[in-house]
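In: no sequence on this one, just coordinates:
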Ligand SMILES: Nc1ncnc2c1ncn2[C@@H]1O[C@H](COP(=O)(O)OP(=O)(O)OP(=O)(O)O)[C@@H](O)[C@H]1O
Ligand SMILES: [Mg+2]
C-alpha cells in the first residue's frame, strides 16, 4: 500500500500564492495527473512533494510517513522521501553509460553489486533499452534518453513516482509513442504516480484521474471521462477539448438530471440536460462539444432523442480526405463540425441532443445599470 496524501497545501512567493489550498490523494498504484495552463502551480506542487521546495503551509504524507506538516514543523529532507523523479530535462550523467546511469541510485544506496546488475537488467528490459546499455547519453535520441531517465527513477523502487512534463522535449510523433509506452509501463508496475503536464491528450490518455488546476487551485478532480463529459466549470470546459459556448436564460428552475429549456440570445429555445440545480431566469452558458452538433441531412430527419433543431449557415468548408470540416454559424456562435457529406448551398439545419449540452451559471458581469 502506498498512498500519497496532500492536504491544504499552500506555497506563497511574496504576495502571490502559486499553490493555494490544494488537497488531493493519489491511491495505491494510481496515476493522477496535475493538468493546467502554464503558471497554474503544477511544478510547485510537485517540488513540494519531492522536498525540493518548502511549502508555506499544509501537509504531505505517504502512508504513515509525514514528508511535511506545517503545524508540527516537520519537513523531511528530499533524500529521505524516497520519491523517484523525472523532469522535463532528463539530466542524465553525461560521463556515465546508460547502464551506469541507471545503476547510480543503487550505488548511492550501497546495494550489493550482483543485485545492482540484476535490477538494472530488469528495468532496462522494461524500458526496452537493454541493447543500448553501453551507450552514453549523447549517443541516444531524446526518446531513448527519456526511457533511461525513467529507468533510473524506478530502479530503486521509490514509494512514489513524480513525473514533471517528462515528454515535453520530444517531437510530436515520438511524444505520442512515448505516451503509449508510458501507459503500458504504468500498467505493468502499478506504481503510485503523480504526473504533471499541460497537454490534455497526454492527461486524458494516461491518467486514472486528472486534477485540472487553475490559478493555484484544483478546479476539478475526476476521471478523464467525467472531466470531458461533465466539466465542473467553464474553465474546465474550455481548457479540455473543444467546446462552443452559447449564452441564454433558463426558462424555469431545474433540478439535476432534468431536461430544461434555455432561451438563447437570438430567441430560439435550446433543450438541455442539466447537471446541477439552477434557478429560473438565471443567465447561463451552455458548452457543446463539436461531436454533439450534427448536420441534418434532410429537414425531415431528426434523431430519436430529446434535443433541438437549429438553423445554421455554412461560413467555410474544407475537404480533409476522410471527411469535410464545416465552419458554421449557429445562433450567432461559430462552430466547427465534421461530416462525411458534401452539402450543397449555405443554409442547413443542425441537431443538438439535450444530453450534449452542459449548462453553467454565467459569470457575473459587472453592469453599469
Ligand atoms: N521561485 C519563485 N519565485 C517567485 N514566483 C515563482 C517561483 N517559482 C514559481 N513561481 C510562480 O508560481 C506560479 C506557479 O509556477 P509553477 O512553476 O508551479 O507553474 P506550472 O504550472 O508548473 O507552469 P508550466 O506549465 O509553465 O511549467 C507561477 O506564476 C510562477 O511564476
Ligand atoms: Mg512546470
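Out: Great, that's in hand. From a predicted model like this one, the values you see are computed outputs, not experimental measurements. Ligands and ions are numbered 1, 2, ... in the order given.
In: Quick one: the helices in this protein, in order.
Out: For the chain, the helices defined by DSSP state H occupy 42-50, 98-108, 113-126, 142-154, 172-189, 200-206, 224-229, 234-239.
In: And those: which comes nearest ligand 1?
Out: Put simply, out of those the one that sits nearest ligand 1 is helix 42-50, at 3.2 Å, with distance taken as C-beta to the nearest ligand atom. In short, each C-beta sits where N, CA and C put it, glycine included.
In: re the thing from before, nearest to residue 75 among the helices of the chain would be which one?
Out: For residue 75, the closest of those is helix 42-50, at 10.1 Å, according to C-beta to C-beta.
In: Centre of the chain to that closest one, how far?
Out: For helix 42-50, the separation from the chain centroid amounts to 16 Å (computed by C-alpha atoms, centre = their mean, to the nearest Å).
In: Nearest spatial neighbour of residue 32, chain-adjacent residues omitted?
Out: residue 26 (4.5 Å; C-beta to C-beta, 6 or more residues apart in numbering).
In: same check, this time on residue 59
Out: Using C-beta to C-beta, 6+ apart and skipping residues adjacent in sequence, the residue nearest residue 59 is residue 69, 4.3 Å away.
In: which residues does that neighbour bridge with?
Out: Following DSSP bridges, residue 69 is listed with bridge partners residue 59, residue 74.
In: check contacts around residue 61.
Out: Residue 61 is in contact with 4-5, 7, 67, 69, counting by C-beta atoms under 8 Å, 6 or more residues apart in numbering.
In: Among those, which ones are in strands?
Out: Taking DSSP state E, the ones among those that sit in strands are 4-5, 7, 67, 69.
In: For the residues you listed, pick the one with the most neighbours.
Out: Each of the ones in strands among the contacts of residue 61 was scored by neighbour count (other C-beta atoms under 10 Å); the top score is that of residue 67, with 27 neighbours.
In: That one touches residue 53, doesn't it?
Out: No: between residue 67 and residue 53 there is no contact, the gap being 12.0 Å when judged by C-beta atoms under 8 Å.
In: still on that earlier bit, what residues are up against the residue nearest to residue 59?
Out: Taking C-beta under 8 Å, 6+ apart, one finds 59-61 in contact with residue 69.
In: got the contact list for residue 333?
Out: Counting by C-beta under 8 Å, 6+ apart, residue 333 touches 244-246.
In: Could you show which parts of the chain are in contact with ligand 1?
Out: Remark: the part of the chain in contact with ligand 1 comprises 13, 18, 36, 38-44, 198, using C-beta under 6 Å from any ligand atom.
In: same thing but at 5 Å, please
Out: Proximity of the chain to ligand 1 is confined to 13, 18, 38-44, 198 under the rule C-beta under 5 Å from any ligand atom.
In: Compare the helices of the chain and give me the one nearest residue 160.
Out: Among the helices of the chain, helix 42-50 comes nearest to residue 160, with 7.4 Å by C-beta to C-beta.
In: Mind giving me the packing neighbours of that closest one?
Out: Judged by 3 or more C-beta pairs under 8 Å, 6 or more residues apart in numbering; DSSP states H and E, helix 42-50 is in contact with strand 4-13, strand 16-26, strand 31-35, strand 83-86, strand 160-164, strand 193-197.
In: All set now, cheers.
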